[in-house]
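Colleague: need a structure here:
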Amino acid sequence: MGRKCRKSQKFYQKQLPIAMKKHAGLLLTAMMLYCDPYLHHLIRPYRLVHEYRSSPHPRSPHVPPRRFITGESIRELTENGFVVLRDLFTESLLQKMSVAYDDLAANQTRMCAVSKWAGPPTFGRHDVWCTMPDLVHDYLRDSVYHSPMAHAASQLMSNRSVRLYRMHAMGANTDTTLPESWHVDYTYFPGTGACDNGLVFWVPLESSVPESNGMKFLKSSAFRKIVETGSFSSWFTKPADFIVWMSRLGREGEAAGKVQAPKLNFGDAIVFSKCTVHSTSGLNTLRRARRSLQFRLVVEPSAASALFSDMAGPAAGMYGDSGLYGHGSTPLLWPHTLPSEDEVRANGPRALSVFSLLQVRLRSKWFKHWMLMNYVYFTNVFLWKFGLDVNITQVAEMAGRVRSSLNL
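Modeller: Down below sits the predicted model:
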């Protein structure tokens, strides 16, 4: 059986590029029809919400649990761009987070199905990718309100007030190796021009090691200096140029011994700045599944990011207080919640309806974003399934060469 699979893979590696050239028009049409996320998911029988998992919303105003952070941890975050917080969650909350993740993976909601298309193209090969699952699953809402992340984040950001900006459920199956993809989350955060106003809490739902799609981080201030000097827009005019630059910075840093890949236990969280350059390890030699939750916390108030706004697509309108999910989507958490936001969120899980999906489909920026996502998905994910391993950096480099040849 294995020999037949290898022969089939070699056949596709040789014949697929020929077929692509010969039938480019037909292939492009098929790709556009199949990969259109909005048409594709209009008729799929996804659940709207996980109504079978329910828990009461906290009383309002709510104060999250406390977790006091040492001065050493604050210095470590400042100097390295990341810090590991051990045993951050209670056993009961960890169990809820694990159950909720498995629910998302087994019974995908329409919101989760569209998330990969509505956001950045970096995570195309993840088997599970869901944006703001706290709005469709009560147990994940509990992981936001009943954990000490908000208090910890406040201390790590000079004791300022803290909002939840985004939550993500993300993961890969046992047979998936997530490719190395050096990047920062800066462009997807509000509060541009600074690095000290946004943090990511990355939480594995089992032990995390580099040999199984773990995380690695670059100890470098190069990108932070670009942000703090106000040079971002002059350095990077296109997303593809930014991706290529970060990839080169990560490879050079790894060669210089400036990369660290922490090992995490279930219950730990690694906290890093929105300006920290990081990547998956690019390894899954242990053939283990990778389940994780990511929480993006910001100081309040902050304006939405306008970086690469022409490529933002529907993501900015789909999520957030002014989008389809309305007031309370990005709640204030520390020092306490707001009754007006609690009142909205206490009404139960939020559903992305077919009508809402059509609203996104018809927005003016949809076409440009759709073309970008189809191009990236096809080269980075679809061809990979046929044995042609083209990573996101190669996609960006190809885009740059095409742009240069056309003098764009």
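
Colleague: what ranges do the strands span in the stretch 1-150 of the chain?
Modeller: 82-85, 128-131 (DSSP state E, counting those that start in this stretch).

Colleague: Sheet-wise, list the partners of the first one with their directions.
Modeller: Pointing back at strand 82-85 there. strand 269-273 (antiparallel) (DSSP bridges).

Colleague: List the buried residues of the partner strand.
Modeller: Under the neighbour-count criterion of 16 or more other C-beta atoms under 10 Å, strand 269-273 has 269, 270, 271, 272, 273 buried. For glycine as for every other residue, the C-beta is placed from the backbone atoms N, C-alpha and C.

Colleague: Would you mind checking which of those is nearest to residue 350?
Modeller: Using C-beta to C-beta, the shortest approach to residue 350 within those belongs to residue 269, at 25.4 Å.

Colleague: Partner strands of the one helix or strand residue 333 maps to and their direction?
Modeller: If you go by DSSP states H and E, residue 333 is part of strand 332-334. Applying DSSP bridges, strand 332-334 is found paired with strand 162-172 (antiparallel).

Colleague: for the partner strand, what is the average pLDDT?
Modeller: Average pLDDT, strand 162-172: 93.

Colleague: pull the CA atoms of it into PDB?
Modeller: Taking C-alpha atoms only, strand 162-172 is exported to PDB below (Å, rounded to 0.1, in the frame of the first residue of the first chain):
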ATOM      1  CA  VAL A 162      -7.100  44.800  29.500                       C
ATOM      2  CA  ARG A 163      -9.500  43.700  26.900                       C
ATOM      3  CA  LEU A 164      -9.800  40.400  25.100                       C
ATOM      4  CA  TYR A 165      -9.200  41.200  21.400                       C
ATOM      5  CA  ARG A 166      -9.300  37.700  19.800                       C
ATOM      6  CA  MET A 167      -9.400  34.100  20.800                       C
ATOM      7  CA  HIS A 168      -8.400  31.300  18.500                       C
ATOM      8  CA  ALA A 169      -8.600  27.500  18.700                       C
ATOM      9  CA  MET A 170      -5.900  26.000  16.500                       C
ATOM     10  CA  GLY A 171      -4.400  22.600  16.000                       C
ATOM     11  CA  ALA A 172      -3.100  19.800  13.700                       C
END
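
Colleague: Am I right that residue 97 is in contact with residue 89?
Modeller: Yes - using C-beta atoms under 8 Å, residue 97 makes contact with residue 89 at a distance of 7.4 Å.

Colleague: List the residues that are in contact with both of these two.
Modeller: Counting by C-beta atoms under 8 Å, 6 or more residues apart in numbering, the residues touching both residue 97 and residue 89 are 143, 203.

Colleague: For burial, what's the neighbour tally of residue 143?
Modeller: Using other C-beta atoms under 10 Å, residue 143 has 24 neighbouring residues.

Colleague: Over to residue 293?
Modeller: 26.

Colleague: The closest residue in space to it that isn't next to it in sequence: what secondary structure?
Modeller: Spatially, and ignoring its direct neighbours in sequence, residue 293 is nearest to residue 203 (4.7 Å; C-beta to C-beta, 6 or more residues apart in numbering). Here residue 203 is strand, with the state taken from DSSP: H, G, I helix; E, B strand; the rest coil.

Colleague: number of nearby residues for residue 203?
Modeller: By other C-beta under 10 Å, the burial measure for residue 203, its neighbour count, is 26.

Colleague: just residue 248 next, same as before
Modeller: Residue 248: 12 neighbours (other C-beta under 10 Å).

Colleague: Next: the one 3 residues further on.
Modeller: For residue 251, the number of neighbouring residues by other C-beta under 10 Å comes to 16.

Colleague: show me what contacts it?
Modeller: Neighbour list for residue 251: residue 182 [criterion: C-beta under 8 Å, 6+ apart].

Colleague: which parts of the helix or strand harbouring it are buried?
Modeller: Taking DSSP H and E as the criterion, residue 251 maps to helix 239-255. Buried residues in helix 239-255, counting neighbours by 16+ other C-beta under 10 Å, are found at 239-247, 249-251, 253-254.

Colleague: Return the member of those residues nearest to residue 68.
Modeller: residue 253 (32.2 Å).

Colleague: Going along the chain, name the helices of the stretch 101-250 of the chain.
Modeller: For the stretch 101-250 of the chain, applying DSSP state H, counting those that start in this stretch gives helices covering 110-118, 138-145, 149-156, 222-228, 232-235, 239-255.

Colleague: Any chance of the ones you listed in TSV with distance to residue 343 as columns?
Modeller: As requested, the helices of the stretch 101-250 of the chain are exported to TSV (distance: least, C-beta to C-beta, whole Å):
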stretch	distance to residue 343
helix 110-118	21
helix 138-145	14
helix 149-156	19
helix 222-228	37
helix 232-235	38
helix 239-255	38
